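> Take a look and give me a structure for this.
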Amino acid sequence: METAKIAGIPTGLPVDMPKAWFVALAALSKSATPKRVRENSRSDHPLIAPAGRKRGGK
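Okay, the predicted model is just below:
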């Protein structure tokens, strides 16, 4: 199942959501998504593991 789109914008946006807001939020979420999450979302298994956190005090 796939959402019908015109120029990348879904044709069935909620009534109270202007198209300009949708475009802005889509661009913001795309730019804020780390490369690791983007790559792993397109695969059936994790391609890039999360980096380990450094331990230590302030």
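> For the longest helix anywhere in the chain, name the packing helices and strands.
Scanning the chain for the longest helix, with DSSP state H as the assignment, gives helix 19-32. Contacts defined by 3 or more C-beta pairs under 8 Å, 6 or more residues apart in numbering; DSSP states H and E place helix 19-32 against strand 9-10. All C-beta atoms are positioned from the backbone trio N, CA, C, and that covers glycine.
> Pairing partners for the least confident helix or strand in the chain by mean pLDDT, with directions?
Here the helix or strand of the chain ranked lowest by mean pLDDT, DSSP states H and E is strand 9-10, holding a mean of 76. Strand pairing for strand 9-10, using DSSP bridges, gives strand 5-6 (antiparallel).
> before we move on, back to that, now the longest helix of the chain: average pLDDT?
The average pLDDT for helix 19-32 rounds to 84.
> any idea of the mean pLDDT for the helix or strand just after it?
Next along the chain after helix 19-32, taking DSSP states H and E as the criterion, comes helix 35-41. Helix 35-41 carries an average pLDDT of 84.
> what sits up against helix 35-41?
Here helix 35-41 makes contact (C-beta atoms under 8 Å, 6 or more residues apart in numbering) with Pro46, Leu47, Ile48, Ala49, Pro50.
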